[in-house]
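Peer 1: 3D model of this:
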Amino acid sequence: MKKISIYFLLLTFLPLINSCSKKDDGGRENEEIVEFLCGEEISTIEGAICCVYGSDLASPDEILTYEYESNVANPFYEWTVSYGSVTIVSGANAATATIAFGSDFTTAEIVCHATQTGGGRKCGEKIIIHKK
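Peer 2: From the prediction side, this is the model:
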């Protein structure tokens, strides 16, 4: 009878202990995976998601659109070019930016930061784009 009671207690409480030991993600179980797929994240906000979506390959004289996704509250967006023959055509302060690649384009790095309004904390990601 003691063995049955012990097994009953283990089977009852073990799942509870296991579920309580996991980090509470607020029902966003896929976001952790997204963080790893996003690339080189730059963040001063714990738990923030910072993702730039768009092609990492481009041709000279091509125009492409890139989208920034983040869970930062009330963000101020800022797209910048670290290096390369590229120009931000539109959306420099928006979630979506249009990027023009120059005729001599070979490689470029673009960065988008979302700064939390009033908080000064940043979350961003850079993407390196290579010539097709």
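Peer 1: End to end on stretch 116-130, go ahead and measure it.
Peer 2: Using Cα to Cα, to the nearest Å, one end of stretch 116-130 lies 30 Å from the other.
Peer 1: Name the surrounding residues that touch that stretch.
Peer 2: 38-45, 48-52, 54-58, 66, 68, 70, 72-76, 82, 84, 86, 101, 106-115 (Cβ atoms under 8 Å, 6 or more residues apart in numbering). The way it works is simple: take the backbone N, C-alpha and C, and place the C-beta from them, glycine included.
Peer 1: and those, which are buried?
Peer 2: 38, 41, 43, 45, 48-52, 54, 58, 66, 68, 70, 72, 75, 84, 86, 101, 108, 110-115 (16 or more other Cβ atoms under 10 Å).
Peer 1: So which of those residues are in strands?
Peer 2: 41, 43, 50-52, 58, 66, 68, 70, 75, 86, 101, 108, 110-115 (DSSP state E).
Peer 1: Please spell out which residues along stretch 124-132 are buried.
Peer 2: Buried residues in stretch 124-132 (16+ other Cβ under 10 Å): 124-127, 129.
Peer 1: Would you mind giving these as CSV with distance to A97 added?
Peer 2: Output for those, formatted as CSV (distance: Cβ to Cβ, whole Å):
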residue, distance to A97
G124, 13
E125, 13
K126, 13
I127, 11
I129, 12
